[in-house]
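K.L.:
Structure for this input, please:
(chains A and B)
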Amino acid sequence: MKTFLFLILIISTVQAQSYRIVTGKVSDAASGLGLAGATVIMQERAGKGARTDSEGRFTLILPAEKLTLLVSHLGYSARRIPLTLSRDEDITVRLQPTNNQLDEVVVTGQSNQDKVMSTQTSVDVVDRKTALSLPVAFGEIDIIKVLQLKPGVKSTGEGTSGISVRGGSTDQNLFQFDGTTVYNPSHLFGFFSTFNIDAVKSVSLYKAGFPAEYSGRLSSVVDVTSLNPTDSSFHLGGGIGLIASRLNVTGPIGNKIKFNLAGRRTYADVFTEAINRRNADLPNNNPIPRYYFYDLNGRIDYTINDRSKIFLSAYTGRDRFLLPTDVFRSAFDWGNTAVSLHWNQSSNDFRWNSHLSGHYANYDYSLVSTFDRFTFNIGSGIRDLVLKERVTWQPNRSHTVTFGGEVTRSRFSISRVNISSAKPEENIDTGENPRVWEGGLFVSDDWNVTPKLKVSAGLRWSGFRQDSVGYNAPEPRLALRYAFSPSVSIKASYARMVQCRHLVVSSGAALPTDIWYPSTAKIKPEYSDQLAAALTWNIGNKFLLTNELYYKRLRQVVDFKTGAQLFANDRLENEFVSGSGSAYGNEIYLEKTSGRLRGWVGYTLAWTWREFPDIENGRRFFPRYDRRHDISVVLMYQLRPRLSLSATWVYNTGNAVSLAMGRYVSMDNSYVRVEEPTEQVVPEFPGRNNYRMPPYHRLDLGFVYKFRPRRGETDITFSVTNAYNRANPYLITYQAQEDSEGNPTGTFRARAITLFPLLPSVTYNFRF
Amino acid sequence: MYGLVLLTGIGLAACQQDIDVDLPPYESKLVVECYLEDGQPIRLSLLESQGYLETAALPIVNGATVVLTHKGQRDTIPNVPYVDRVVGKSYNYSSPKRIKADYDAPYTLTVTDKRGRTLTATTRFIRSVPIKSITPEFNKKNEAYGLTKFDDDPQQKNFYRLTLTRNRRADTLSLDALLDDSFSNGEEINWGSGYSFKPGDTIHATLYHCTEEYYKFLTTAQSARQANVNPFAASGEVISNVSGGLGVLATLSYAYKTAIVP
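P.N.:
Alright, predicted model coming up:
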């Protein structure tokens, strides 16, 4: 009863005030195109503000009085818009670009209001500035690793950029770069993401309440947006790090074309090659394998007129690993290519907006080895051609309708094994090359029912076809927001996602050799249904508090049966098993969004389950990435105008792993001689993921010092990873013990293998 | 410079240290290993599994009742040790009675120990697949590998184990390949080894035609060993045809051929 009276009191207090809805669009003054991420705040009350969406639109609920809106965006001159609110308003604000792209406008409480009033639940946005402020391992700024510090997002392995979102496996994340799928978004077996910070503007992670335009993965959408070139003069920038360096050039070509080119490459191989050359003549020389990776990004924007704009975005990056011994030469090469062409146009009144895009995506790996007269070529890959159209229509102030569709033609290359020599009888050639069509149509409406109640309802229809096998499925989406006040709202969402391409993951970690495999008659599409509910509270425009509950049900998820034959198998579909799963939990997130000290604290309490009738007789088990507790603390402190400090601390329950509990001897048959007694030992694993690793925790520290050069800007970034040198086990293994003479004693000891000790790093960044 | 290379080795130079693993109490299970071969006496080992960190000696299980049943006929295998000195293997249960392969009816092994624990396993004989040829193939250094050829039966799913040894049949394996016919169903299979033979050597090739259960035991036991040391390995569960315990009951149907390296 007391609670009810309290709610009545709150609601009646809110209703006693008079509010008006202000909707609008912030656009580039030259092109007229909407500016995403622009800040619109009420100058008189810093707590009332919003951030524009991907089309540059915003909605504010403001008191019915005389006020001034302050509109700003990175790279543009801010504007003040005086308003006298006696009725609802719909306004358009055009901003003029500034000459210096890095003139960042710091606005207090920039997005809290937007997060309160949006219907979107479960979204995390990380921009360049945040990524550049935090400590990084090996000096490599990685925007994806920042996502791992958000609630509900877990790293799939020590130091890796792979993520598990709300109990989803690594293949359940849709990584897109300017809308183009990036199938393996990591380098060096997952330790670095493929996204070069010089080419990235921001990344948005959707964990639930997915907009209707997204589909194809069960657990998350990671939407990476390239940095749009806005400079009206040429600039050269980059960074020199411990293992890699970056270089980027940005500038205009005439009045209508602007470009940004960025590259990154590791250079450890330069040193290893020098060592190999020096040791080439030594007896028993064992050359160091050569390894490097590189990324190349390019974006060119062409402004046709103030309502129409084209841009081309291109990315390619590869890892190369070369083993150059005399007897056995091996080259392991893998990488992504993502190219997209976008045409954005609006109607005269900007009520209609069309975004037409074509995409090309490719991922492949190839392991080529030569041994005597034999050449072994092993590989897999996937190639997409995609056409997308998205139309946004704002018929009135209350509705924003979005509709569109996409079609994808994909070619898979699966488990290609080719062994060739001069003798035909020694040759082996195997593999599958299925081609599939995939498409979808969607429509959604954002409806401001009342100033307090907003509904986003959508429906997507997805289809898939491979030869005579086809699937189609509706994917309903629904999100509600009720605002108790301009500062407090509750939200709820439901979303279904369908996944028709599956990653053959033979281990807990994503590896370049993992294979994408399409649905077939035997392998049905995977489904997820997720419910989420959230409370969002903008506390004095200094803090943002959210609490989210979620429940996700997974159907027809795939795994491999025990003893699956994954190598050189032309009928890989026979190795899959189908099952179900669930994930549920609560995420609390408190962010300080203004002041010299910024950052956040997140805590997740979660459970994740999997169940397969053909694995362990249907016993329910925890997948590797199930973690009961997950805490992250992120602090960024501006100590001096030119000196900023940062710290991140993470703590989580250890991974669920398979650890042998017992052992037994298997001698083999009487025609087989086994030299080492330890080779006769067979570990006994009582069940899948039966053991919890010790808790994982780590503190990283960083500071950035900005110099004052005569021209441009330079800074130096120091980071310390694992500052208190915590030995977090990556793997627990048993090793046979030996006596003083090296003979096996028949006993074993447990050993923990850890990857990263305390690790300092430094990066020098410049921009002229 | 080496230091820099190491630092840039991205943790490839990982650290190792002893760790206390809090393992739950382990309950030992019976482990049987028995290979039935046409014309050969019956031998088997009956042991117990043990906790991984236990220090006990080889846990031999004596005094158990071991019965092999075939077409309703029960043969008790006595607790008589047998030592194969050629390959250095010991069995704690053996019978002089020689097996006559019957390809139409299964063989069932039942073991009951003094504690009342019981395990059962069933297997059957399948016919061997002949080796068409074993051919030495040379490289420029005059080293040879053995190329083994045999035909796969397209009418059924087949599982093979091919072993090659040098100069003696029961010796260290130069090749131990487990393969099924998934990418060469019904075709001639050619399988090569490493360059581990020299002129004058004799290549001993043994091609086991395995039942699916035996093949899965071999492959998953191999995976379990890898899962113990490799974080990227597949799951370590071992598939076995033994109920109530661990190990394997298998038949050995093989073709054997030798070739002298010229």
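K.L.:
Which residue is the nearest non-sequential neighbour of the residue nearest the centre of chain A?
P.N.:
Centroid-nearest residue in chain A, with CA atoms, centre = their mean: A:V222, separated by 4.2 Å. Using CB to CB, 6 or more residues apart in numbering or on different chains and skipping the chain neighbours, the partner closest in space to A:V222 is A:F175 (4.8 Å). To be clear about C-beta, it is placed using only N, CA and C from the backbone, and glycine gets the same treatment.
K.L.:
In contact with that neighbour, which residues are there?
P.N.:
Neighbouring residues of A:F175 by CB atoms under 8 Å, 6 or more residues apart in numbering or on different chains: A:181-183, A:185, A:222, A:224.
K.L.:
from the residues you listed, which ones fall inside strands?
P.N.:
Within these, residues falling in strands by DSSP state E are A:181, A:222, A:224.
K.L.:
For the stretch 151-262 of chain B, which segments are assigned as helices?
P.N.:
For the stretch 151-262 of chain B, the helices defined by DSSP state H, counting those that start in this stretch cover B:212-227.
K.L.:
Do a quick rundown of the strands in it.
P.N.:
B:159-166, B:173-180, B:188-192, B:202-210, B:242-243, B:246-252, B:254-260 (DSSP state E, counting those that start in this stretch).
K.L.:
Show me what the shortest one pairs with in its sheet, parallel or antiparallel.
P.N.:
Taking DSSP bridges as the criterion, strand B:242-243 forms sheet pairs with strand B:118-123 (antiparallel).
K.L.:
Buried ones in the strand it pairs with, by neighbour count?
P.N.:
For strand B:118-123, burial by neighbour count (16 or more other CB atoms under 10 Å in any protein chain shown) applies to B:119-121, B:123.
K.L.:
would you list these in TSV and tack on pLDDT and distance to A:T170?
P.N.:
Output for those, formatted as TSV (pLDDT from 0 to 100; distance: CB to CB, whole Å):
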residue	pLDDT	distance to A:T170
B:L119	96	39
B:T120	97	41
B:A121	97	38
B:T123	96	39
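K.L.:
Tell me which two of these sit farthest apart.
P.N.:
Distance extremes for the buried residues of strand B:118-123: the farthest pair is B:L119 and B:T123 at 13.5 Å, using CB to CB.
K.L.:
Name every strand pairing with the helix or strand harbouring A:Y637 and say which way it goes.
P.N.:
Assigned by DSSP states H and E, A:Y637 belongs to strand A:629-640. Applying DSSP bridges, strand A:629-640 is found paired with strand A:597-611 (antiparallel), strand A:643-652 (antiparallel).
K.L.:
The ones you listed into JSON lines, with extra columns for mean neighbour count and mean pLDDT?
P.N.:
Formatted as JSON lines, those follow (neighbours: other CB atoms under 10 Å in any protein chain shown; pLDDT from 0 to 100):
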{"stretch": "strand A:597-611", "mean neighbour count": "19", "mean pLDDT": "95"}
{"stretch": "strand A:643-652", "mean neighbour count": "19", "mean pLDDT": "94"}
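K.L.:
A:G458 is nearest to which of those?
P.N.:
strand A:597-611 (26.7 Å).
K.L.:
how far is the closest one from where the chain is centred?
P.N.:
What separates the centre of strand A:597-611 from the centre of its chain is 16 Å, taken as CA atoms, centre = their mean, to the nearest Å.
K.L.:
A:Q345: neighbouring residues, count only.
P.N.:
A count of nearby residues for A:Q345, using other CB atoms under 10 Å in any protein chain shown, gives 17.
K.L.:
Show me the beta-bridge partners of the spatially closest residue to it that is not a sequence neighbour.
P.N.:
Closest residue to A:Q345 apart from its sequence neighbours, by CB to CB, 6+ apart: A:S308 at 4.2 Å. Beta-bridge partners for A:S308, by DSSP bridges, are A:N305, A:Q345.
K.L.:
Check the secondary structure at A:D198 for me.
P.N.:
Secondary structure for A:D198, judged by DSSP: H, G, I helix; E, B strand; the rest coil, is helix.
K.L.:
rewinding a little: now render the strands of the stretch 151-262 of chain B as CSV, adding distance to A:D114.
P.N.:
As requested, the strands of the stretch 151-262 of chain B are exported to CSV (distance: least, CB to CB, whole Å):
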stretch, distance to A:D114
strand B:159-166, 61
strand B:173-180, 58
strand B:188-192, 64
strand B:202-210, 64
strand B:242-243, 62
strand B:246-252, 60
strand B:254-260, 72
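K.L.:
any idea which of these is most buried?
P.N.:
Counting by mean count of other CB atoms under 10 Å in any protein chain shown, strand B:246-252 has the highest mean neighbour count of those, with a mean of 25.
K.L.:
contacting residues for A:I61?
P.N.:
Residues near A:I61 by CB under 8 Å, 6+ apart: A:19-22, A:117, A:451, A:483, A:486.
K.L.:
how does it look with 6 Å?
P.N.:
By CB atoms under 6 Å, 6 or more residues apart in numbering or on different chains, the contact list for A:I61 reads A:19, A:21, A:451, A:486.
K.L.:
Could I get the pLDDT score of it?
P.N.:
Note on A:I61: pLDDT of 78.
K.L.:
go on, A:M42?
P.N.:
80.
K.L.:
That one: neighbour count?
P.N.:
Other residues lying near A:M42 total 22 when counted by other CB under 10 Å.
K.L.:
any idea how far A:F259 is from the residue nearest to A:Q345?
P.N.:
In this view, A:S308 and A:F259 are 18 Å apart by CB to CB, to the nearest Å.
K.L.:
and A:S580, how many neighbours?
P.N.:
17.
K.L.:
Check B:D152 too.
P.N.:
Number of residues near B:D152 (other CB under 10 Å) recorded here: 19.
K.L.:
still on that earlier bit, in terms of neighbours, single out the busier of A:S308 and A:F259.
P.N.:
Each of A:S308 and A:F259 has its neighbours counted (other CB under 10 Å); A:F259 has more, 19 against 16.
K.L.:
Tell me what A:S582 is bridged to.
P.N.:
For A:S582, the beta-bridge partners under DSSP bridges are A:R553, A:W609.
K.L.:
how much space between the nearest residue to B:G39 once chain neighbours are set aside and A:A606?
P.N.:
Spatial nearest neighbour of B:G39, excluding adjacent residues (CB to CB, 6+ apart): B:R98 at 5.7 Å. For B:R98, the distance to A:A606 (CB to CB) stands at 61 Å.
K.L.:
for B:Y103, same thing?
P.N.:
Separation of B:Y103 from A:A606 (CB to CB): 55 Å.
K.L.:
can you check A:A473 too?
P.N.:
Distance from A:A473 to A:A606, by CB to CB: 27 Å.
K.L.:
just A:D570 next, same as before
P.N.:
Counting by CB to CB, the separation of A:D570 from A:A606 is 39 Å.
K.L.:
A:Y494 sits in which helix or strand?
P.N.:
strand A:488-499.
K.L.:
can you list contacts of that strand?
P.N.:
With CB under 6 Å, 6+ apart, strand A:488-499 has contacts from A:116, A:121, A:208-210, A:217-218, A:462, A:473, A:475-483, A:525-537.
K.L.:
These: which ones sit near chain B?
P.N.:
Restricting these to those within reach of chain B (CB under 6 Å from any CB of the partner chain) leaves nothing.
K.L.:
which of those residues are buried?
P.N.:
Looks like the contacts of strand A:488-499 have A:116, A:121, A:208-210, A:217-218, A:462, A:473, A:475, A:477-483, A:525-534, A:536-537 buried, using 16+ other CB under 10 Å.
K.L.:
wait, what's in contact with the residue positioned nearest the centre of chain B?
P.N.:
Residue closest to the average C-alpha location in chain B (CA atoms, centre = their mean): B:L218, at 5.1 Å. Neighbouring residues of B:L218 by CB under 6 Å, 6+ apart: B:L178.
K.L.:
go on, A:A473?
P.N.:
Contact analysis of A:A473 by CB under 6 Å, 6+ apart lists A:462, A:498.
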